[in-house]
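Student: What shape does this take:
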Amino acid sequence: MNVVVVVIMMVLVGALIGGVTNSLAIKMLFRPYRAYFIGKWRVPFTPGLIPKRRGELAEQLGKLVVNHLLTAEGLQKKLQDKLFLNEITEWVQREVTKLVSSEETLVNVLEKWFGITNGKEKARAGLERWLNKKLNVMVEEIRPLQLEEVVPKGVNEAVDKYIPQLTHLILEKVKNYFNSPEGIDQLANMVDRFLLAKGTFGNMITMFLGNERLVDKIQPEIIKMLNDEGTHQLIEDFLTKEWRKVKKLRVTDLEEYMDVNEVMSFLQEKIMDHVPFTKLDKPLKEWSLIIEQPLINEVVPLAVNKVGQAVSSELVTLLTKLKLEDVVREQVEQFSVSRLEDMVLSISRRELKLITYLGALLGGLIGLFQGIFIIFLS
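Tutor: From the prediction side, this is the model:
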């Protein structure tokens, strides 16, 4: 009977020693949180393993995250995944739909999201400054240029092609005028003034013609001259020659006849008049009807795809600049040891208890073998 009691006692002692030893070893991973000293002598095993090696742990966790978890290759693969892109696209489309269908005005959006107050006035003032700057730059650039370099090529070609038609139009207008009573009267007045200015010579011509008017003889000849192909060619050549001269003029030469800055101011004013600033005060849903479907169905998917490609191509650079390893290390170093302990225990509490029970079991088995060994020796 005494032998059985001894064996049982040895099993219990072995189990207690094994369980307590394992439990103490687990606790010594974290505790004590700080070092204890007796005089200048530091008590062994203080602080615990993790508090003592927290710096190394933080550094290794940083390397683990960068080298094995958040790798550029893994993130690139995720960004290029069609399912992920579809999910992001659908989310952005939903958010854009909510925005463009809302009662908020663009002014409110600018103020809420970007902190821009008086958005309407600032937008107008900013556009005016931008336009003024761009137009001034444009004026300085075109001043030394010839007119044919400033006017679009299509306009130059159109004017060249239009000159024959313009010649025909001018001749037709002149013929119609001289065939009209008003034109004949005007021509008669001109002839009378001409003869009157010639004095005696003019009176002689009048006496020679008798009751016939000189204008009745001149007017048909003028019409005949205007119908002549040579006249048409003469005027066409003249207009072509003059147009070529005009095209060779520099913008600076035109400033003698008009104020270029005044023209640019006029253009700026007209552009500003056609910019819908009044809609900035209206709800987004009222002025976004035209662009809503193209924006959601075309612009958003394209933008998501382009942003994904841009981020993917620059991911290595971005991760390098973010210095994730340092971020993780700094965050872990800022954790209190008690928080680290809670994090580890929250994940592995069950396993750590099993380790404690396993220690007790092994200790009990060792005590059992010791008891049996003692029995055989005795």
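
Student: What's the local residue count around Phe266?
Tutor: Phe266: 11 surrounding residues under other Cβ atoms under 10 Å. For glycine as for every other residue, the C-beta is placed from the backbone atoms N, C-alpha and C.

Student: could I get the helix or strand hosting it in PDB with only the CA atoms?
Tutor: Taking DSSP states H and E as the criterion, Phe266 maps to helix 260-273. Extracted C-alpha coordinates of helix 260-273, given in PDB (Å, rounded to 0.1, in the frame of the first residue of the first chain):
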ATOM      1  CA  VAL A 260      -4.300  93.300 -80.000                       C
ATOM      2  CA  ASN A 261      -4.700  93.400 -76.200                       C
ATOM      3  CA  GLU A 262      -8.200  94.900 -76.600                       C
ATOM      4  CA  VAL A 263      -9.000  92.000 -78.900                       C
ATOM      5  CA  MET A 264      -7.700  89.500 -76.300                       C
ATOM      6  CA  SER A 265      -9.700  91.200 -73.600                       C
ATOM      7  CA  PHE A 266     -12.800  90.900 -75.700                       C
ATOM      8  CA  LEU A 267     -12.200  87.200 -76.300                       C
ATOM      9  CA  GLN A 268     -11.600  86.700 -72.500                       C
ATOM     10  CA  GLU A 269     -14.800  88.400 -71.700                       C
ATOM     11  CA  LYS A 270     -16.800  86.300 -74.200                       C
ATOM     12  CA  ILE A 271     -15.300  83.100 -72.900                       C
ATOM     13  CA  MET A 272     -16.100  84.000 -69.300                       C
ATOM     14  CA  ASP A 273     -19.700  84.800 -70.400                       C
END
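
Student: From the contact counts, what lies against that helix?
Tutor: helix 119-142 (3 or more Cβ pairs under 8 Å, 6 or more residues apart in numbering; DSSP states H and E).

Student: on that earlier part again, now do the helix holding Phe266: distance to the chain's middle.
Tutor: 28 Å (Cα atoms, centre = their mean, to the nearest Å).

Student: Could you check how far the nearest residue to Leu75 once chain neighbours are set aside is from Lys323?
Tutor: Spatially, and ignoring its direct neighbours in sequence, Leu75 is nearest to Leu315 (5.7 Å; Cβ to Cβ, 6 or more residues apart in numbering). For Leu315, the distance to Lys323 equals 14 Å [Cβ to Cβ, to the nearest Å].
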